[in-house]
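Peer 1: Please find the sequence and the predicted model below.
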Amino acid sequence: MPPWAQDALGDFAPVGLNVCGVADGAPWQHVLPGCRSVLVVGSGGTTLWDGFIRWAADQPARLELDGPLDARVVEAIAAVPADPSRRWIRCAADDGQKVDFRSLARDAGLGHPSRLGLLLHPTYGPWIALRAACFTTDALPVTGPLVTPTPCEGCAAPCTAACPVGAIGPGGWSFAPCVGFQERDPTCHGGCLARAACVVGREHAYGDVQHRYHQHTAGRRELLQALRPGAREPDRSS
């Protein structure tokens, strides 16, 4: 593995970008001509969140940024020296380049497809978030896809029973009933009940504050108020 990649992985882990894998770059020539490898970077469990809380508490004004957690990820990626042999694309960023991060992460060995529509990581289960990918002309050792059976095989599927609108089934997650239900009912506004019911990696589930941050801008305002000087510090175990 080239030095820049080794250094990046070493620097990412303390930030909380602790889920990384490499996919074959051959299918991604339209993103970077000559691409040979794609380094896929994500966060598993609450490590990124815990570090983000400390980062924001150090300078509460950071929470006024547009997408402060994303800003933390951008900061970590920006520390990797720029080079024309590499192109970074962040997940869900308005980059103009469409990348299916779920299939890319699957090819990198970061998890199995699941009924939830999310990847199931071997350790973190559904509690991973894909953050960015580096398309490079360097040859990195490919780490996937996984050859082990998916945990969904033989599972009693508590995720299906937990969904209040039946959006989780044998064929996977159904977008329309899920979104329609959330528009008219607040039951899932604090976090996906089906995701919380998954038996894989349950000990790495997000806490209430983190759920609210991701689900609603009100959660961000709540966190901002808690981090102001003199305020009670939020629960960092969340």
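Peer 2: Alright, I've got the coordinates.
Peer 1: any low-confidence regions in the chain?
Peer 2: 94-95, 215-220, 224, 226-238 (pLDDT under 70).
Peer 1: in it, which spans are strands?
Peer 2: For the chain, the strands defined by DSSP state E cover 19-24, 37-44, 86-90, 128-136, 168-169, 172-173.
Peer 1: tell me the most buried of these?
Peer 2: Mean neighbour count (mean count of other Cβ atoms under 10 Å) peaks for strand 37-44 among those, with a mean of 26. C-beta here means a position set from N, CA and C on the backbone, and glycine is covered the same way.
Peer 1: give me the beta-bridge partners of the most centrally placed residue in the chain?
Peer 2: Nearest residue to the geometric centre of the chain (Cα atoms, centre = their mean): Ala129, 1.0 Å. Residues in a beta bridge with Ala129, per DSSP bridges, are Ser43.
Peer 1: ok, it - contacts?
Peer 2: Contact analysis of Ala129 by Cβ atoms under 8 Å, 6 or more residues apart in numbering lists 42-43, 48, 91.
Peer 1: Also Tyr206?
Peer 2: Counted by Cβ under 8 Å, 6+ apart, Tyr206 has contacts 46, 49, 127, 191, 214, 238.
Peer 1: Same check on Leu130?
Peer 2: Leu130 touches 40-42, 91, 101-102, 104-105, 110, 119, counting by Cβ under 8 Å, 6+ apart.
Peer 1: Please apply the same query to Gln29.
Peer 2: Per Cβ under 8 Å, 6+ apart, neighbours of Gln29: Cys35.
Peer 1: before we move on, the earlier item: need the contacts of Ala129 in a markdown table (columns: distance to Arg202).
Peer 2: Shown next, in a markdown table, are the contacts of Ala129 (distance: Cβ to Cβ, whole Å):
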| residue | distance to Arg202 |
| --- | --- |
| Gly42 | 18 |
| Ser43 | 17 |
| Leu48 | 18 |
| Cys91 | 24 |
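Peer 1: Greatest separation within those: which pair is it?
Peer 2: Farthest-apart pair in the contacts of Ala129 is Leu48 and Cys91; separation 13.0 Å (Cβ to Cβ).
Peer 1: Who has more neighbours out of those two?
Peer 2: Leu48 (25 against 20; other Cβ atoms under 10 Å).
Peer 1: burial of the residue nearest to that one when sequence neighbours are not counted, as a residue count?
Peer 2: Spatial nearest neighbour of Leu48, excluding adjacent residues (Cβ to Cβ, 6 or more residues apart in numbering): Gly16 at 2.9 Å. If you count neighbours by other Cβ under 10 Å, Gly16 ends up with 23.
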